[in-house]
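[1] Okay, here's the prediction I keep looking at, along with the sequence it came from:
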There are 2 protein chains.
Amino acid sequence: MSSFLSKRFLSFSQRAMSQESLKFKSLIYSSHDSQDCTKVLKVHNYKPKKGSETSIVLKTLAFPINPSDINQLEGVYPSKPDKVTDYSTDEPSAIAGNEGVFEVVSVPSSVSTLKPGDKVIPLQANFGTWSTYRTCDKESDLIKIEGVDIYTAATVAVNGCTAYQLVNDYINWDPKGNDWLVQNAGTSSVSKIVTQIAKAKNINTLSVIRDRENFEEVAEILEKKYGATKVISETENGEKEFGKEVLPKVLGSNAQVKLALNSVGGKSCANIARKLSKDGLMLTYGGMSKQPLTFPTGLFIFKGLKSHGFWVTENSKRDPENKIKTVNEVIELYRDGKIISPKEDIRALEWDVNNASDEEVLQLITDGIKTKGTKNMVILKW
Amino acid sequence: MSSFLSKRFLSFSQRAMSQESLKFKSLIYSSHDSQDCTKVLKVHNYKPKKGSETSIVLKTLAFPINPSDINQLEGVYPSKPDKVTDYSTDEPSAIAGNEGVFEVVSVPSSVSTLKPGDKVIPLQANFGTWSTYRTCDKESDLIKIEGVDIYTAATVAVNGCTAYQLVNDYINWDPKGNDWLVQNAGTSSVSKIVTQIAKAKNINTLSVIRDRENFEEVAEILEKKYGATKVISETENGEKEFGKEVLPKVLGSNAQVKLALNSVGGKSCANIARKLSKDGLMLTYGGMSKQPLTFPTGLFIFKGLKSHGFWVTENSKRDPENKIKTVNEVIELYRDGKIISPKEDIRALEWDVNNASDEEVLQLITDGIKTKGTKNMVILKW
């Protein structure tokens, strides 16, 4: 398309999809409920205060329902959006959802780096993604995403960036192949991405998973498909004998276990900490077991253990440039086939934008919030 | 004394105290006993293999009985001396004791920085200090100490250096007076030195001590005599209400609690970790409660807590220059009256070198090992 035609087309597109004709529908909340957070969610239809002359208009394609979204509704998450009256509500309200992928509908004339049709994700958390449309004032608050499916795009900001930064931002890895990381919750979405990123960097992965009847089957998938070097059970993780007799043979003689990734807590945390070599680092980024972290004192004093936390939301706030760099590098790994699309692990919930009633939308979201043990993602059908 | 006379005197001294006439008597062990470590200790009389022509000869003035000495005899301490046959024993043996203060008896002609009469302490652990005399090949393995009493000199390498490095080597303190450290075991020897070093640097100290009947009395001593800013009980340390309502008033509005020093473990550890401001550091250097460390997961993820270990033995090995610098700076603080001599907290056990039988010496040491809850120090009476 010539530049002239392109501009004409965009101009037409902008008119045709003018914000004034768009139906803004968002999942909003003005209070919290730590017992049943679905009670505070409402479907709200409104016209945004700022028009398309000054704002980028975005159409939502998909958003995951992340644990942090739920914790935010429960009022137990330390990061939260301001509650505002921008959406013509009686009470100050916020739009739910921190992550998602959008298509640019229109841009004001001042915007040069984005055009209608581009796929974007929010740079920061608290964007409010559970919505049909959103507006955004600054193009620098968005990251353009190209060449990956919506399942990848809608999860790269949290799971993708978490996995990438956990592996890349803390350890000086030796590329010769003797370095290891150990992680619990080895079947989680983040752990699978960690495993693949580690493999691409020639880092060995020891993944601990819960005991289960089909342990061998799951272990084989993690090893063969995702590239885990070795998968062990929580029982093995906790056995002294295993640590002394079996593990050294698994690791090999020059192994350095430099990083332990903990998203479980409790005993599992202590047991992966024990697997670390001297002066190893543990990064905690989740607490699935709801148990506090425990560590034998000697690991800190005599083995030089360092235990830190990891929070991608905070990292992105502190260093937005690194967030953009991280997203771009993760996307490249997806495009290169180094990381598999999360699609098959995702439970897709279809939001039929043109036909679903407000009640049906709320029911869909409630279903997504209440169905645990799987990654729920809402896909908007336009 | 003129230089000429001085040299003559030293030469005379060296001859008179020639190593060959000295009675080397050491507490040695060739095995370990984790239940009753006094069983493996023997009093051993011998002539060292190396003579005073090549070795510095040292006369012991005092040595503390530290927990690490006992753990070493029990075989549960990760740092230990090699067992050797240098002391004319049948089995390879080591001399007990890591810390102590010596007087130089004689030096070989190659030694220029030390002279008879100088007080010295070992640079590193595993020196073997539970002995009447010791020899030392290198002057660089000794640190000269001047101007402090033997109680100070005999404890500066472990407690003094631990306290100094904990306060000085990890945090970028703001000297304006709003910075705090929090520590448990507030009545321990190290904690008292920490308190005094902190006060000298205008750092506030929140010291947690166990609940006790004479709490007010002990708290007043720690505050008035040692300079703790505020002393609280473990009960207060564990109360949510105290943390929310009382503590902010104690700390003041611009307070930054940057460092938590843990030598207890268990719940006490979690509760002082909770007192830290955002991105605070916990250093664990002991585990008196014998309970593992526990931490709420959120402290790591959302408050940026970092938990590290501290081991003065390892620090000294890694960076001997810093150990020497630390000792000199701590000694200066003692000489300036910024730190009080530990004398009054010490239970002195007198070893009458010229009259005590081997059985009496062993009994004295056994008494020191078995009497808990106090700092035992053996003072050699010459």
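    Everything's here; your move.
[2] For burial, what's the neighbour tally of the nearest residue to A:Asp141 once chain neighbours are set aside?
    The shortest distance from A:Asp141 to any residue other than its chain neighbours is 5.2 Å, reached at A:Leu123 (CB to CB, 6 or more residues apart in numbering or on different chains). The way it works is simple: take the backbone N, C-alpha and C, and place the C-beta from them, glycine included. A:Leu123 sits with 19 neighbouring residues when counted by other CB atoms under 10 Å in any protein chain shown.
[3] Helix or strand for A:Asn45, just tell me which one.
    strand A:42-46 (DSSP states H and E).
[4] thinking again about what came up before, mind checking how far the residue nearest to A:Asp141 is from chain B?
    Per CB to the nearest CB, to the nearest Å, A:Leu123 is found 20 Å from chain B.
[5] What confidence value was assigned to that residue?
    Predicted confidence (pLDDT) for A:Leu123: 98.
[6] Surely it and A:Lys325 touch.
    No: using CB atoms under 8 Å, A:Leu123 is not in contact with A:Lys325; the gap is 11.8 Å.
[7] So for the strand or helix carrying A:Thr152, mean pLDDT?
    Here A:Thr152 sits within helix A:150-153, counting by DSSP H and E. The pLDDT scores in helix A:150-153 average 98.
[8] Tell me the predicted confidence for the residue of the stretch 51-200 of chain A found nearest chain B.
    Nearest to chain B in the stretch 51-200 of chain A, going by CB to the nearest CB, is A:Pro78, at a distance of 4.5 Å. A:Pro78 carries a pLDDT value of 94.
[9] Ok, A:Lys50 next?
    For A:Lys50, pLDDT reads 82.
[10] helix/strand/coil for it?
    For A:Lys50, the assignment made with DSSP: H, G, I helix; E, B strand; the rest coil gives coil.
[11] Excluding covalently adjacent residues, which one is nearest to it?
    Using CB to CB, 6+ apart and skipping residues adjacent in sequence, the residue nearest A:Lys50 is A:Thr135, 5.7 Å away.
[12] Test my guess that A:Val330 contacts A:Val158.
    No: look at A:Val330 against A:Val158 with CB under 8 Å: they stay out of range, at 11.0 Å.
[13] if you count what's nearby, which of these two comes out ahead?
    Neighbour totals were compared for A:Val330 and A:Val158, and A:Val330 leads with 27 against 22 (other CB under 10 Å).
[14] could you measure the more buried one against chain B, distance?
    For A:Val330 relative to chain B (CB to the nearest CB), the value is 21 Å.
[15] List of residues touching the helix or strand in which that residue is found?
    Take DSSP H and E as the rule and A:Val330 turns out to sit in helix A:320-335. Among residues not part of helix A:320-335, those counted as contacts by CB atoms under 8 Å, 6 or more residues apart in numbering or on different chains are A:121, A:123-124, A:143, A:145-148, A:152, A:156-157, A:160-161, A:163-165, A:169, A:193, A:196-197, A:200, A:315-316, A:339, A:341.
[16] Where helices are concerned, which of these count?
    Counted as lying in helices by DSSP state H, out of these, are A:Thr152, A:Cys161, A:Ala163, A:Tyr164, A:Gln165, A:Ile193, A:Gln196, A:Ile197, A:Ala200, A:Asn315, A:Ser316.
[17] Most neighbours among these, which one is it?
    The ones in helices among the contacts of helix A:320-335, ranked by neighbours (other CB under 10 Å): first place A:Ala163, 30 neighbours.
[18] per-residue confidence at A:His9?
    Let me fix one detail, which is that residue A:9 is Phe and not His. pLDDT, A:Phe9: 50.
[19] And the helices in chain A, which stretches?
    For chain A, the helices defined by DSSP H cover A:3-16, A:67-74, A:150-153, A:161-168, A:189-200, A:215-220, A:234-238, A:240-241, A:247-251, A:266-273, A:297-301, A:312-318, A:320-335, A:358-370.
[20] Point out the residues in the stretch 1-150 of chain A that sit beside chain B.
    Contact residues, the stretch 1-150 of chain A versus chain B (CB under 8 Å from any CB of the partner chain): A:Pro78.
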